[in-house]
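S.K.: With the sequence up front, the predicted model follows.
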Amino acid sequence: MRIRCPHCGERDNGEFSYLGDAAPVRPDGMEAEAAAMHDYVYLRDNPAGAIRELWYHGAGCRGWLVVTRDTRTHAISDVAPARDVALARRKGEAA
Amino acid sequence: MTTITLRRAETDAAPAAADRAAPFRTAAGGLVDRRRPLDFTFDGRAYTGLQGDTLASALLANGVRLVGRSFKYHRPRGILSAGSEEPNALVELRSGARREPNTRATVAELYQGLDAQSQNRWPSLALDALSVNALLSPVFAAGFYYKTFMWPASFWEKLYEPMIRRAAGLGRAAAEPDPDHYDKVHAHCDVLVIGGGPAGLAAALAAGRSGARVILVDEDFSLGGRLIAERREVGGRSGADWAATAEAELRGLPEVTVLTRTTLFGVYDHGAYGAVERVSDHLAVPAAHAPRQRLWRITARRAVLAAGAIERPHVFGGNDRPGVMLAGAVRTYLNRYGVLPGRRVAIFTSGDDGWRTLADVVAAGGEVAAVIDTRPSVPPALRREAEAAGARVIAGGYVAGTRGHLALKAVDVVDAYGSRETVACDCLAMANGWNPVVHLDSHLSRRPVWSEEIHAFVPGALPCGMEAAGAAAGRFGLADCLETGAKAGAGAASECGFTAAPEPAPATDPESHAHSPLWRVPKPRGKAFVDFQNDVAASDVELAHREGFRAVEHLKRYTTLGMATDQGKTSNLAGLSIMAELTGRAIPSVGTTVFRPPFTPVAIGAFAGHHRGKEFRATRHVPSHAWCEEQGAVFVETGLWLRPAYFPRAGERDWLETVNREVNTVRANVGICDVTTLGKIDIQGRDALAFIERVCANPFGTLPVGKARYAVLLREDGLVMDDGTIARLADTHYVMTASTANAAKVMQHLEFCRQWLWPEHDVQIVSVSEQWAQYAVAGPRARDTLRGVIDPGLDIGNAAFPFLACAEVTVGGGIPARLFRISFSGELAYELAVPAAYGDAAWRALMAAGAAHGITPYGSEALSVMRIEKGHAAGAEINGQTTARDLGLGGMLAKKKDYVGRLMKERPAMTDPERPILAGFRPVDRSARLRAGAHFLAVGASPSLAADEGYMTSVAFSPSLGHWIGIGLIRRGTERHGERVRAYDPVRGGDVEVEICSPVFVDPKEEKLRV
C-alpha cells in the first residue's frame, strides 16, 4: 500500500501504523458516562466500503492522519491531518 | 574401497566421446552457443550441454527423458513444459549448503559444473521401490489421508505422519546455513512492463521512446517470449531478430531498465509490485560480493501486464509418461535450443496452433508419425502439409492411452469411428489451447472472466493503473500482441504525462488460432492426470463430485488440485472443466479459486535480504558502551538496546557474586548505571500542564518548577500503559521519561492525545531520547561523587536540593546538563543527563569523581535486584493486564480531573477486591530458590485452575537480606501479610512454601532515600 501523507508526500505503508475507525468520539470531561466510554473503547462498525480511519506516520512526520479507505478495494480517496479533522469536528460541535 | 573404485569407474566412463555428441541435438539452429560446451551431472552421470541451454533442454539433448518421480504414486515423470509452469521436472540443484530442492529443470540455466539430483525416488530414479504406491493407487485416491489415518489418534504423530512424509514428498532442503547473501532494492518508475515477449517488448518500446521511466521484467534469461520459441516473421525478419533489435534499443534508452531472470511474483495495492531477480543462479557460485538473488520492490504509476499464456495439456490415460509434452514446449526445444524432444513425434491437437509443431519437427530433421486432431474436419491446407511430411492425419480422433514404461514408446489412438490403433512414437506433443496468465491481475482479489471466444479465462476488472496486452489479455495472434502491446505502452506513458503514440505494428506472417478444446478424452486408458505435481487424476475429480465436494474451493482442498508448488498453472482449468461437465454447469459458473502471490516460489532468503543473524535489526549502544566494553561488561539485549548487565571483576566466581557485589556497593557507597535507554519526551507550551493532566492518571497541578514526580499512564481501557517521571524544568517546560520497552509506544500515544483527542491544546512534544545521555548515581556517597562533576554554584545539599528536586545545571565547565533527584534503588540517588555527545566523557568523569568514594558501575541485573528489593513495578508487573490498584498505585490516582482510562478502570471486574494485587514473598526455608512464573496455591490445595490465587512476577536473590525474594500478584495480597502459601512451578519442578509480606523489603521507611 501507498499512503499520501499530507506532510511528507506518498510513502510506503511500512512507515505507518494502523489504529482503526476514526468515527468514535471520546466522551470527554468529568460528565462523561461509563456506558458511552465503553462504546467508545469497544464498539466499532465494520463497513464494506469507505471508512475514515486513523493511521500514524511513525517513521515520518509523527503525524496522526485520517485516511479514507474503501475496505473492499483498499482505494484511498482522502488523507488529512488528524488534528485538522479533530479541530473541524470541535467547530461543528460548537456550532 | 571397492565401492569407491566402482563408482569412479562409472563416472569416468560416462562422459565418453559418444555421450558428448548429445544425440538429440539438431545439426544447426537455435539460440544456443555451439562453441561453448558445458559439462554437468545429473544423478552423478556426466553430460555435456551448451551455453544457452536450460537443464531441461540439455537433458533432452542427451536423450534423458526420465527426470523425476511423482509426489504420491512415484510414477516416472519427464519434462512437460519449457517454462516456469513445469509441474514434473523438479530436481535438487547443487549440493551441500547450496542444495536447492524443487528446482524446475525447465528454468534452471545450465552452467559449467552444474550438479543436479532427481528427487523423491529410492534407491534410484529408474528403479523406485516406492512405485508400488502406483499399484495401490485405488487406495491413494482423493481424501485418502482423511479416510485412512483417522484412528487410533495416537498413531498419527508417531507412525502415520512420518510414514507419509517419507513416501510422499518433494526434495530435501539444505541442512547447513545458506552461504550466499541476498539483496533488496526499492525502485520507482512510470511504466512497469511485466513480460518481455512480443507484447511486452512493444509496450516497453512505445513507453520508453516517450522518455518515460520504464522497468521491463522477464523471468527468462533471454527476452522475446514466444518470438524466440517459434519460427515467426516480424517486419520481414525473424522474430528472434526483431526481439534482439528491440532489446538493444531498450537497453540504449537512458530511462529504461531491463531486468531479465526477474520474476514479478506479486501485485500489491496502490502500484506496489514484488519481483525477484536471480542475479547469480546461473553461476556455480556467485561472484565476489554479488548477491545470489535480489528482491525488487517496485512502485509503478502504470503497469502493462504482458505475461503471456500457458498451454493446456490434454487429459487422457498415461498423459504423464516421460515423452508426453506440451506442443509449444516441443517447439521451444526445437527452435530455441536446437534439441529434438523425440525422433518420431505424434501431435495431439484440438486447434490449428498445434499443427505448427509439424513443420518445426520436420525442419529440425525429425519425423512426424501422426497428427491426431480432435476436430472432425481439418483445414485442407494443414492436411496437405501433413501428407507432404509423410504424417498420418487422424481427424475427429483422440489419444486414449500411452505405452512404454520409463519413456513413451507408442500412443493408443481412437479414431472418429471408434476404432483403436497404436501409433509408435517417442514424443507426443499435445496442444489443447492456451490460458492467459491471469494470476498477477488476480492478486488483488480480482476474479478473471470467461471468454467464449478463446475458451479460457481472461483478466476481469484490472487493478488500478494496470492494463493487459497480448496473450495475457487473450489476444494470441502475434500481430495482436505487437499492436495491443504498443498501444498499452503508449497509453500508460501518456497517462504519466509523456507524449507517446504507438507506431504502426510491423507486419507478421499469417497464423490461425482456430481451436475447439477437448476437456478430457471420453474413455481414457489408465490414469488420466489433471494435476501432475500433486498426482490428481480425472478420477479424483469424479470422486470429489460423488462425495459432494463440488464447490471449487472444496474440490481444491479435497483433491489437492492446484495446491502444489506450481499452483496448478497447467491443471486448474482441466479440473474446473471436468467438474463443470459432471455438474452440468458451464465452466465460469463453477468459478475459480483465488490466486495469491507469489507467482512462482520465492526463497525466504530473498525476503530476508541482509536482515539475518546480527543484521536482523539495528543494535543501539548506550553512551557508556565503549567504556563498558573496555571494562569487560557482560551485555544483554533489551529490545534494540545492548545494555551492560553486570561488570565482572577478577576472582568473582559467577554472575551472582558480581551482582551481589554491585548491589552491596551501591547500598554501602555509590554506584552508577547507564539509564539512557529510558524514553525521554520534552513537553512545552502554554497548555503543557493541561496536556499532562489529561494523559497521566495522577495529579500534576501542584507540581512546582524545580520538582519531579512519579507518573502513571493508563490506557483508555483502564489498564496501566507505562510509568515514568515528569520533571518541571520551567513554567511551561516539562520533561517526561518512559520505560525502555514502551518508549516508542508512549510517544505514539502522546501524539495521539495531542493531535486527535485534544487538538486545542497549545503544546508541542518531541522525543529527546537520543539527545540526552542519562546516568543514575545512587548510594550514600552519591552526593559526594556528584559534587566532583557538577560545576560549582548549585547547592545540592539535602535542604536545598531535596528528594524529587530537579534543576538545569552545568558540568565540566559550562556543558548544560540536567539533574534529577529521583531513585529507583531506594538509595540517595540522582539522575544526571548530559548532551549525548558528552555521554562518554561524563561517564568517565563520574567514575573518576567516585573513585575516592568506592564507586562501582552497575548493570541492569543489579538495577533489577534493587528495584525488587524496593517493590517497584516494572515490565513483568506492568504487563498490559494490571490496573493501578493491582500494582498498589490506586491511592495516588487523581479524583478531580478527566484523564485517559479514568472511567474504564472503575468497571466492576477492575475493582473486584478478589483481583490479585501486588505483594512480596519470601521463602519459609530461607535457603530455597524462588522462580518467577510460579503460581500461588493455598498450602495443602491440589493444583487446579480454580485453586490458583495468582503468580510470582519477579524474583531476585537479595544480597541485602541474604535470601531469595519475590514480588507477585496474589488475591487480597495486602490483607494477607504473614500468611503462608505454596509457590508452585510444575514447569521447572518448583514447589516452595512462601510467606506473604510487604513488597518493600529494604528501607520501608525511606530513611536512606531522603538524607
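M.R.: On my side now, so go ahead. For clarity, every value in this text was computed on a predicted model and none was experimentally measured.
S.K.: mind checking pLDDT for B:His455?
M.R.: B:His455 carries a pLDDT value of 96.
S.K.: What sits closest to it if chain neighbours are left out?
M.R.: Among residues not flanking B:His455 along the chain, B:Pro517 sits closest, at 4.9 Å (CB to CB, 6 or more residues apart in numbering or on different chains). All C-beta spots, glycine's among them, are computed from the backbone N, C-alpha and C.
S.K.: what domains does the record give for chain B?
M.R.: B:29-174, B:182-309+B:436-496, B:314-431, B:528-595, B:619-678+B:771-872, B:679-768+B:888-901, B:912-1010 (the TED database).
S.K.: rank the ones you listed by mean pLDDT and give me the bottom one.
M.R.: Among the domains of chain B, domain B:29-174 carries the lowest mean pLDDT, a mean of 84.
S.K.: mind checking how far that one is from the chain centre?
M.R.: 25 Å (CA atoms, centre = their mean, to the nearest Å).
S.K.: how long is that domain end to end?
M.R.: By CA to CA, to the nearest Å, the extent of domain B:29-174 from end to end equals 38 Å.
S.K.: which residues touch B:Gln293?
M.R.: Counting by CB atoms under 8 Å, 6 or more residues apart in numbering or on different chains, B:Gln293 makes contact with B:182-183, B:276-281, B:603, B:605-606.
S.K.: actually B:Leu889, sorry about that
M.R.: Applying CB under 8 Å, 6+ apart to B:Leu889 gives the contacts B:712, B:720, B:723, B:873.
S.K.: Do I have it right that the first one meets B:Val695?
M.R.: No - in terms of CB atoms under 8 Å, B:Val712 does not count as a neighbour of B:Val695; the distance is 10.4 Å.
S.K.: neighbour-wise, which of those two wins?
M.R.: Higher neighbour count among B:Val712 and B:Val695: B:Val695, with 26 against 21, using other CB atoms under 10 Å in any protein chain shown.
S.K.: Identify the residue spatially nearest to the residue in chain A that chain B sits nearest to, adjacent ones excluded.
M.R.: Nearest residue of chain A to chain B (CB to the nearest CB) works out as A:Arg2 at 3.8 Å. Here the nearest residue to A:Arg2 in space, its sequence neighbours aside, is B:His270; by CB to CB, 6+ apart that works out to 3.8 Å.
S.K.: that older thread, the residue of chain A closest to chain B: how many residues sit nearby?
M.R.: 14.
S.K.: same check, this time on the one 4 residues further on
M.R.: Here the number of neighbours of A:Pro6 (other CB under 10 Å) works out to 15.
S.K.: same check, this time on B:Leu55
M.R.: As a burial measure, B:Leu55 scores 28 neighbours (other CB under 10 Å).
S.K.: One more: B:Asp840?
M.R.: Here the count is done by other CB under 10 Å, and B:Asp840 has 16 residues near it.
S.K.: wait, doesn't it sit right on B:Ala626?
M.R.: Yes - assessed by CB under 8 Å, B:Asp840 is found in contact with B:Ala626 at 6.0 Å.
S.K.: buried sites along stretch B:685-693?
M.R.: Across stretch B:685-693, burial judged by 16 or more other CB atoms under 10 Å in any protein chain shown covers B:685, B:687-693.
S.K.: Out of those, which sit inside helices?
M.R.: Secondary structure from DSSP state H places B:688-693 of the buried residues of stretch B:685-693 in helices.
S.K.: Turn these into TSV, columns for distance to B:Ala738.
M.R.: Putting those into TSV (distance: CB to CB, whole Å) gives the following:
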residue	distance to B:Ala738
B:Ala688	16
B:Leu689	18
B:Ala690	20
B:Phe691	15
B:Ile692	13
B:Glu693	17
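S.K.: And these, which two are furthest apart?
M.R.: Maximum pairwise distance in those, criterion CB to CB, is 9.7 Å, between B:Ala688 and B:Glu693.
S.K.: that older thread, now, among the contacts of B:Leu889, which is nearest to chain A?
M.R.: Nearest member of these to chain A, counting by CB to the nearest CB, is B:Val720, at 15.5 Å.
S.K.: Just list the residues touching the closest residue to the closest one other than its chain neighbours, thanks.
M.R.: Spatial nearest neighbour of B:Val720, chain neighbours left out: B:Ile878 (5.2 Å); criterion: CB to CB, 6+ apart. Taking CB under 8 Å, 6+ apart as the criterion, B:Ile878 is in contact with B:720-723, B:739, B:887.
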